[in-house]
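1. I'll drop the sequence and a predicted model, then ask my questions.
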Amino acid sequence: MPILFVDLETTSVREPWLPGGRQIWQLAVIRREDDGRETAYNRFVRLEELDLASATEQALEISRFHRHPALNGVAQEVCSGREVAELMVELTVDQPLWVGAAPWMDATDVLYLMQLNGLVAADAADVPWDFRLVCVISQLLGRTNLPPTADVGEMSAAVGVDQSAYAIHDALADTYFVRDVFDALRVTAG
């Protein structure tokens, strides 16, 4: 079964379907095929599609919104929200396993974006990925026996992954971190 390592950066933490709800502004995915080949995707939603008046300053600061390529005069990897949703439809056509650090939130946001763009029915009975989302943070908690409030860096270090080596809160860097933690957990389990 293919694996998707997914991370998003959003404009707030408010549920996306609520007025002024969060919007995806960066989506990153690493798709691992059954033979181990990997392809990375990194997309930024066009600024004009984002309701920044409803964004929370804290969310934009934590996710380092100032990195958005359009704010820096770069158009590479910038696309419409519909194109982001279409990419995810393409990447999930064979119901891959979804792995992330906050997979329930990210999957909810992606599904909502797909629905907004008419790519998935609002009353769809199933999601287009394997319904068993994998949260590497929960797995780290179980492996390390640290308290639920423990620092993620401390937890990942326990399985040999140095979080400081990644540009955390950059969706693409976060997908590599998630992938590396997932792999480390699998190695230490064997």
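-> Happy to help now that I have it. Numbers count the residues shown, from 1 in each chain.
2. going by C-alpha atoms from here, please, whenever you check contacts or count neighbours.
-> Fine.
3. helices along the chain, start to end?
-> 57-62, 81-91, 103-116, 136-144, 152-157, 171-189 (DSSP state H).
4. how about residues contacting the last one?
-> When you say that, I think you mean helix 171-189. 5-9, 26-30, 41-42, 99-101, 136, 139-140, 156, 159-161, 163, 166-168 (CA atoms under 8 Å, 6 or more residues apart in numbering).
5. buried ones among those?
-> By neighbour count, with 16 or more other CA atoms under 10 Å, those hold 5-9, 26-30, 42, 99-101, 136, 140, 156, 159, 161, 163, 168 as buried.
6. got the confidence number for residue 140?
-> As predicted, residue 140 sits at a pLDDT of 93.
7. need the contact list for it.
-> Going by CA under 8 Å, 6+ apart, residue 140 touches 155-156, 185.
8. redo those as CSV? Include distance to residue 72.
-> Converted to CSV, the contacts of residue 140 look like this (distance: CA to CA, whole Å):
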residue, distance to residue 72
155, 34
156, 32
185, 37
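9. okay, now the unreliable bits of this protein?
-> For the chain, residues meeting the criterion pLDDT under 70 lie at 124-125, 188-190.
10. before we move on, back to that, nearest to residue 129 among the contacts of residue 140?
-> Relative to residue 129, the closest of these is residue 185; by CA to CA it sits at 21.9 Å.
11. and that closest one, how many neighbours does it have?
-> 20 (other CA atoms under 10 Å).
12. same question for residue 66.
-> Around residue 66 there are 11 residues (other CA under 10 Å).
13. quick one, what contacts it?
-> Counting by CA under 8 Å, 6+ apart, the residues that residue 66 touches are residue 60.
14. distance of it from residue 52?
-> Between residue 66 and residue 52 the computed distance is 13 Å (CA to CA, to the nearest Å).
15. for residue 94, which residues are in contact?
-> Residue 94 touches 2, 128-129, counting by CA under 8 Å, 6+ apart.
16. that one and residue 72: what is the separation?
-> Relative to residue 72, and taking CA to CA, residue 94 is found at 36 Å.
17. what's the closest of the helices of the chain to residue 35?
-> helix 171-189 (14.9 Å).
18. can you list the buried residues in that closest one?
-> Result for helix 171-189 [16+ other CA under 10 Å]: buried residues 171-182, 184-185.
19. can I get these in TSV including distance to residue 150?
-> What follows is these, written out as TSV (distance: CA to CA, whole Å):
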residue	distance to residue 150
171	22
172	23
173	21
174	18
175	20
176	21
177	17
178	17
179	20
180	19
181	16
182	18
184	19
185	17
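20. just the closest of the residues you listed to residue 16, please.
-> residue 171 (18.1 Å).
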